[in-house]
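Engineer: Sharing a sequence plus its predicted fold:
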Amino acid sequence: MLVVGEKALGDKGVTDLAGELEANDILVFNDTRVIPARLTGVRGEEPHAAQVEVTLHKRDNGRTWYAFTRPAKKLKVGDTIHFDDGLLCEVIDKGDGGEVLLTFSRADNELMAALEKIGVMPLPPYIKRPKDGDAHDRDDYQTMFATHPGAVAAPTAGLHFTDAMMEAIEQHGIQTARLTLHVGAGTFLPVKADDTTDHKMHSEWGEITAETAEAINQARAAGGRVVAVGTTSMRLLESAADDDGTLKPFLGDTDIFITPGYRFKIVDRLMTNFHLPKSTLFMLVGAFAGLERMKAAYSHAIDKGYRFYSYGDACLLTRFEDQKPLEDQTS
């Protein structure tokens with residue numbers, strides 16, 4: 001775990017996290033659960049049947065989901081896609097970039113049961129797996145907090161935590177809280193627009209309960225810092241906070257897009273993994289800790305052999321809105 005300080009970098013391990021925090025700080029975890037959202041089906045009838053890969057990314061209602069498809073160009077509104085186990089869906093709308101709206105022949109729990117049976121975990125494309133997936137990812141690509149199914153990507157900062165770490169955190173007097181943000185695949189799409197205002201952020205569904213909001217507000221009032229575990233937790237916290245930093249309960253969609261210049265309302269520290277270049281997530285950490293500071297941190301991480309992306313290493317950032325560059329790169 002790379003600790004990014006105001007003027008220096010520290011090479012630590014994730015098990016050192018409790019020692020980097022203070023009593024009364026509050027760690028906020030995302031308890032979403034990843035579903036096996038990648039399906040392979042067939043469009044049309046023999047001899048003209050064509051294979052279609054579908055990756056669900058956001059629930060619209062019990063049987064309707066937004067999805068990305070490959071190949072996308074030949075898919076038309078009204079087409080039916082047949083999957084194993086007798087599951088089928090109809091294309092009811094088609095957007096840009098391969099996104100479609102699908103309505104399935106099953107809904108809610110029955111649809112989830114079908115996905116568990118025939119779906120594949122939607123790992124990022126840089127993690128190579130057989131076409132039918134790897135059974136280990138059913139467990140490995142879930143955090144220990146995973147409770148509410150609906151995400152199509154893991155909140156990967158949470159993958160680092162273990163029972164032993166949680167015990168150490170409790171012993172240090174550090175509080176914890178949970179929220180839910182169903183992570184969508186759109187979050188990880190590269191930014192292709194020259195102007196970030198032209199980049200479309202796909203919305204994601206989230207919930208912060210009144211109990212969680214109260215716990216976080218009380219921790220702040222007592223002088224504790226809000227430590228978001230993962231960019232997903234951060235984005236929902238910032239979506240639900242007032243300008244004075246008061247957190248309100250939240251239930252609904254957010255498409256918040258945090259770029260350098262954003263003024264943070266509530267999050268003081270962020271534990272996250274190392275992200276892809278030219279991604280919305282690198283823009284977020286640059287906004288949080290300073291763009292030049294993060295460029296220096298990533299260069300240091302590369303030199304030291306840190307592992308990047310979903311199954312990689314972590315960094316612990318402190319909010320530095322002054323955007324000053326690092327003066328020293330070692331500690």
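Structural biologist: Nice, I can see it. Everything quoted here is computed from the prediction, not taken from an experiment.
Engineer: Going by C-alpha atoms from here, please, whenever you check contacts or count neighbours.
Structural biologist: OK.
Engineer: Show me where the stretch 151-300 of the chain has its helices.
Structural biologist: Assigned by DSSP state H, counting those that start in this stretch, the stretch 151-300 of the chain shows helices spanning 163-171, 210-221, 231-240, 280-289, 291-304.
Engineer: Paired strands for the helix or strand following the longest one, with orientation please.
Structural biologist: Same thing as helix 291-304. Counting by DSSP states H and E, the next helix or strand C-terminal to helix 291-304 is strand 314-318. In the sheet, strand 314-318 lines up against strand 2-4 (parallel), strand 269-273 (antiparallel) (DSSP bridges).
Engineer: Turn those into TSV, including mean neighbour count.
Structural biologist: Below are these laid out as TSV (neighbours: other C-alpha atoms under 10 Å):
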stretch	mean neighbour count
strand 2-4	23
strand 269-273	26
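Engineer: In CSV, list the ones you listed along with distance to Gly19.
Structural biologist: Converted to CSV, the strands paired with strand 314-318 look like this (distance: least, C-alpha to C-alpha, whole Å):
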stretch, distance to Gly19
strand 2-4, 12
strand 269-273, 14
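Engineer: nearest to Asn109, of these?
Structural biologist: Taking C-alpha to C-alpha, strand 269-273 is the member of these nearest to Asn109, at 31.9 Å.
Engineer: Low-confidence regions, the stretch 1-150 of the chain specifically.
Structural biologist: Scanning the stretch 1-150 of the chain for pLDDT under 70 picks out the ranges 47.
Engineer: Give me the phi and psi for the closest residue to Thr176 other than its chain neighbours.
Structural biologist: Leaving aside its sequence neighbours, Thr176 sits nearest to Leu27 (C-alpha to C-alpha, 6 or more residues apart in numbering; 4.7 Å). Per-residue torsions, Leu27: phi -90, psi 130 (degrees, to the nearest 10).
Engineer: beta partners of Leu27?
Structural biologist: Thr176, Val227.
Engineer: Isn't Val77 up against Glu99?
Structural biologist: No: Val77 is not in contact with Glu99 according to C-alpha atoms under 8 Å; the separation is 11.7 Å.
Engineer: the more surrounded of those two?
Structural biologist: Of the pair Val77 and Glu99, Glu99 is the one with more neighbours under other C-alpha atoms under 10 Å, namely 20 against 13.
Engineer: Wait, the more buried one touches Arg70, no?
Structural biologist: No: using C-alpha under 8 Å, Glu99 makes no contact with Arg70, being 9.5 Å away.
Engineer: After the top strand by length along the chain, heading C-terminal, what element do we hit next?
Structural biologist: Taking DSSP state E as the criterion, the chain has its longest strand at strand 50-59. Next in sequence after strand 50-59, counting helices and strands by DSSP H and E, comes strand 64-70.
Engineer: Now that next one: buried residues?
Structural biologist: Neighbour counts over strand 64-70 (16 or more other C-alpha atoms under 10 Å) mark Thr64, Trp65, Tyr66, Ala67, Phe68, Thr69 as buried.
Engineer: Same check on stretch 278-295?
Structural biologist: Buried residues in stretch 278-295 (16+ other C-alpha under 10 Å): 280-291, 293-294.
Engineer: Greatest separation within those residues: which pair is it?
Structural biologist: Thr280 and Arg293 (16.9 Å).
Engineer: For Met144, grab the count of nearby residues.
Structural biologist: So Met144, with other C-alpha under 10 Å, has 16 neighbours.
Engineer: Lys304 too?
Structural biologist: Applying other C-alpha under 10 Å, we find 10 residues neighbouring Lys304.
Engineer: For stretch 247-266, buried residues please.
Structural biologist: 247-250, 253-254, 257-260, 264-266.
Engineer: Can you check which of the helices of the stretch 151-300 of the chain gets nearest to Thr156?
Structural biologist: Between the helices of the stretch 151-300 of the chain, helix 231-240 lies closest to Thr156; by C-alpha to C-alpha that is 9.1 Å.
Engineer: tilt between the closest one and strand 269-273?
Structural biologist: 140 degrees (axes from the mean of the first three to the mean of the last three C-alpha atoms, to 10 degrees).
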